[in-house]
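Peer 1: Model the following, please.
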Amino acid sequence: MYFVLPTSVFAHGWVEYPEARQSICYEQGGLWTGNPPNAACAAALNESGTYQFIQRNEVAINIAAPHYWDINKVKAAIPDGTLCYANDSQKRGLGIAHSEWTKTEVSAGTFEFVFNATAPHNPSYWEFYLTKANADLSQPLKWDDLDLIQEYGNVVVDADKKYRMNITIPAERSGDAILYTRWQRDDTVGEGFYNCSDITITGEGTDPVDPEGPYLHQGEQFIPSDVHLSTPSIDEAVKYELFKSGGGLHASFSLTITEENQSDWDRLLASQVTGYYETNHGGDLFIGAWHEEMVHYMYFRNDLHANYLNSKDEGVSGQFTIIPKDENSDLTAVITPQVLQEINVANVEHGVTVVLHPNQSEGDFNHVEWTQLSGQSISTENGLYNELIINTEQLQSDIDHELTFKLTISNSQGTASNLYSFEVTGSDVENPGENPGGNDWNAANVYQGNDTVKHNGRNWTAQWWTQGEEPGTTGEWGVWQ
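Peer 2: Below is the predicted model:
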């Protein structure tokens, strides 16, 4: 099991709706006195202490690339009985079977899932599992208890640092269940977040999808079965183009084959297509097929030729192509950023408006997407010519910030991307109105959430219980902010 790495020291988020176990216990309180009001939380506290609740935004495990693409290796890294705490023994209380876990009522049908991201990560992908109707919830959760009910590719976080997705509970389900969420970063380290949300399916909801059958027109196969297709070779590329009813190109998507994605390229390419139309065109196109029992569309990942182009417009068509290695260079675009007033993009002062411009590139493109990858989440605007406008006045002014944005452009030749990172220098001027009455930090003192102290000329606020952790050493997402 050498592919399992230690969990990252940074915290990243939890399921806000339906709320995850560790967050519910944290919010209900009583942890520091040893008297949580909920019996399941009390049992979990007795099993493995307060750490699992303090770290509610880091129920995670690292499975290095490319192994996290293989669900069997994920199951080996997170054995049966450890699912709800991602096989981290310091959080094992979250995995105990208990009838008193607080349950969120969720209607059968479609609801909005919300993940509170204290540190958003993209690129990434999502998987949602629901316990089977006959699963024994009196026992710790096992993989065989679960059905995969929904998947999403890269989802853009909103201005409030929330990931929001529509999840569909099968219409015929009711009663108690567990919704199991997997949020997997698509990078070398392969950090994945696993949350258990206890729910009661009321059966009173209405599914916006017609329960009698599919609501999109099924077109041709996504990957044609009449074409001899072996697994594309590394450095080749796969491309999928969508054409309007009149024959004009509407959108183009591509993926270069690497060692990490060679066994899962079709699902990733399909996710690009479906995600784009979900975000920009109201979900009027889906790559996959209608699942009769689940009563919704899904991508059948283990059957290459079982997935189709499904669209509201019957005249839409698609074309799949493998691009040889020696032609793949056409997919690369050289893009250089511009910034307002010729500000050096490597270092700007707090309050400056930065503009990143995609239009200095080799070749034309018809789709532009900007994604923030790191740093404090910040609201941005898109200009008339697809430039990204970033007002750094929103950032906390008394510290330095490093921000990274990803630009993705596409045309009929495929897709290219580039990363732009820059540092925003904070002001050293303190605001005398902040933190009135804060005392000097003392390593021997115990501090609760929202307690304030002074240390090294700055004001600090504790985010949760702490003792002995020096302000200024706990990182951007640590206890002292």
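
Peer 1: Would you mind giving the domain segments of the protein?
Peer 2: What automatic domain parsing lists as the domains of the chain is 4-201, 217-327, 332-425, 430-481.

Peer 1: Please produce CSV containing those domains, extended by mean pLDDT and mean neighbour count.
Peer 2: Where C-beta positions appear, they are placed from N, C-alpha and C, glycine not excepted. Below are these laid out as CSV (pLDDT from 0 to 100; neighbours: other Cβ atoms under 10 Å):
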stretch, mean pLDDT, mean neighbour count
domain 4-201, 88, 19
domain 217-327, 82, 17
domain 332-425, 67, 16
domain 430-481, 71, 14
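
Peer 1: Can you get me the start-to-end distance on stretch 125-141?
Peer 2: From its first residue to its last, stretch 125-141 covers 22 Å (Cα to Cα, to the nearest Å).

Peer 1: I meant to write stretch 16-35 there.
Peer 2: 23 Å.

Peer 1: when you give positions from now on, start the count at 28
Peer 2: With the count now opening at 28, the last piece we talked about shows up as stretch 43-62.

Peer 1: what's in contact with it?
Peer 2: With Cβ atoms under 8 Å, 6 or more residues apart in numbering as the test, stretch 43-62 has contacts from 41-42, 63-65, 67-69, 71-72, 77, 79-83, 86, 111, 118, 121, 128-129, 131, 133, 139-143, 189, 206, 208, 222-226, 475, 492.

Peer 1: Stretch 97-111: how far from the chain's middle?
Peer 2: 19 Å (Cα atoms, centre = their mean, to the nearest Å).

Peer 1: Counting by contacts, list what the longest helix seen in the chain packs against.
Peer 2: Counting by DSSP state H, the longest helix found in the chain is helix 292-307. Packed against helix 292-307 by the contact rule (3 or more Cβ pairs under 8 Å, 6 or more residues apart in numbering; DSSP states H and E) you find strand 173-179, strand 264-270, strand 276-283, strand 312-318.

Peer 1: mind running it again at 7 Å?
Peer 2: Judged by 3 or more Cβ pairs under 7 Å, 6 or more residues apart in numbering; DSSP states H and E, the packing partners of helix 292-307 are strand 264-270, strand 276-283, strand 312-318.

Peer 1: quick revisit: return the subset of the contacts of stretch 43-62 lying in helices.
Peer 2: Using DSSP H, these in helices are 67-69, 71-72, 79-81.

Peer 1: how about the strands of the stretch 28-177 of the chain, start to end?
Peer 2: For the stretch 28-177 of the chain, the strands defined by DSSP state E, counting those that start in this stretch cover 31-32, 41-44, 87-90, 131-133, 136-143, 151-158, 173-179.

Peer 1: Can you tell me which of these is nearest to residue 284?
Peer 2: In terms of Cβ to Cβ, the element of those nearest to residue 284 is strand 151-158, at 17.3 Å.

Peer 1: That closest one - which strands sit beside it in the sheet, and in what orientation?
Peer 2: strand 173-179 (antiparallel), strand 202-212 (antiparallel) (DSSP bridges).

Peer 1: Next, the angle helix 292-307 makes with the first one.
Peer 2: Going back to what we said before, that points to strand 173-179. Between strand 173-179 and helix 292-307, the angle comes out at 60 degrees (axes from the mean of the first three to the mean of the last three Cα atoms, to 10 degrees).

Peer 1: Run the chain-centre distance for strand 173-179.
Peer 2: Relative to its chain's centre, strand 173-179 lies at 15 Å (Cα atoms, centre = their mean).

Peer 1: Go ahead and produce PDB holding the CA coordinates of that strand.
Peer 2: Extracted in PDB, the C-alpha atoms of strand 173-179 (Å, rounded to 0.1, in the frame of the first residue of the first chain):
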ATOM      1  CA  LEU A 173     -23.200   1.700  -1.400                       C
ATOM      2  CA  ASP A 174     -24.500   2.500  -4.800                       C
ATOM      3  CA  LEU A 175     -22.900   5.200  -6.900                       C
ATOM      4  CA  ILE A 176     -25.800   7.600  -7.800                       C
ATOM      5  CA  GLN A 177     -24.100  10.700  -9.200                       C
ATOM      6  CA  GLU A 178     -20.800  12.100 -10.500                       C
ATOM      7  CA  TYR A 179     -19.500  15.500 -11.400                       C
END
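
Peer 1: quick one: contacts of it?
Peer 2: Residues outside strand 173-179 that contact it (Cβ atoms under 7 Å, 6 or more residues apart in numbering): 152-159, 192, 194-195, 207, 302, 321, 326.

Peer 1: Most widely separated two among these?
Peer 2: Greatest spatial distance in those: 159 and 302, 27.6 Å, computed using Cβ to Cβ.

Peer 1: May I see the strands of the stretch 28-177 of the chain organised as TSV, with distance to residue 281 added?
Peer 2: Output for the strands of the stretch 28-177 of the chain, formatted as TSV (distance: least, Cβ to Cβ, whole Å):
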stretch	distance to residue 281
strand 31-32	30
strand 41-44	33
strand 87-90	27
strand 131-133	37
strand 136-143	28
strand 151-158	18
strand 173-179	20
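
Peer 1: do you know which of these lies nearest residue 283?
Peer 2: Proximity of the strands of the stretch 28-177 of the chain to residue 283 was assessed by Cβ to Cβ; the nearest stretch is strand 151-158, lying at 17.2 Å.

Peer 1: what's next to that closest one, contact-wise?
Peer 2: Applying Cβ under 7 Å, 6+ apart, the set of residues contacting strand 151-158 is 164, 172-182, 192, 194, 196, 204-213, 298.

Peer 1: between it and strand 136-143, how many degrees?
Peer 2: Using the same axes, to 10 degrees: strand 151-158 against strand 136-143 is 130 degrees.

Peer 1: from the chain's centre, how far out does strand 151-158 sit?
Peer 2: Per Cα atoms, centre = their mean, the centroid offset for strand 151-158 relative to its chain is 10 Å.

Peer 1: Same check on stretch 75-89?
Peer 2: 18 Å.

Peer 1: now stretch 489-508
Peer 2: Centroid separation for stretch 489-508 versus its chain: 25 Å, with Cα atoms, centre = their mean.

Peer 1: And that stretch, end to end?
Peer 2: 7 Å.

Peer 1: Out of the ones in helices among the contacts of stretch 43-62, which is nearest to residue 242?
Peer 2: Of all the ones in helices among the contacts of stretch 43-62, residue 242 sits closest to residue 67, with 39.7 Å by Cβ to Cβ.

Peer 1: Touching, the closest one and residue 127? I think so.
Peer 2: Yes: with contacts counted by Cβ atoms under 7 Å, residue 67 reaches residue 127, the gap being 4.3 Å.

Peer 1: before we move on, what SS does residue 216 have?
Peer 2: Per DSSP: H, G, I helix; E, B strand; the rest coil, the secondary structure class of residue 216 is coil.

Peer 1: That one - nearest residue in space that isn't next to it in sequence?
Peer 2: Excluding the flanking residues, the one nearest residue 216 by Cβ to Cβ, 6 or more residues apart in numbering is residue 89, at 5.4 Å.
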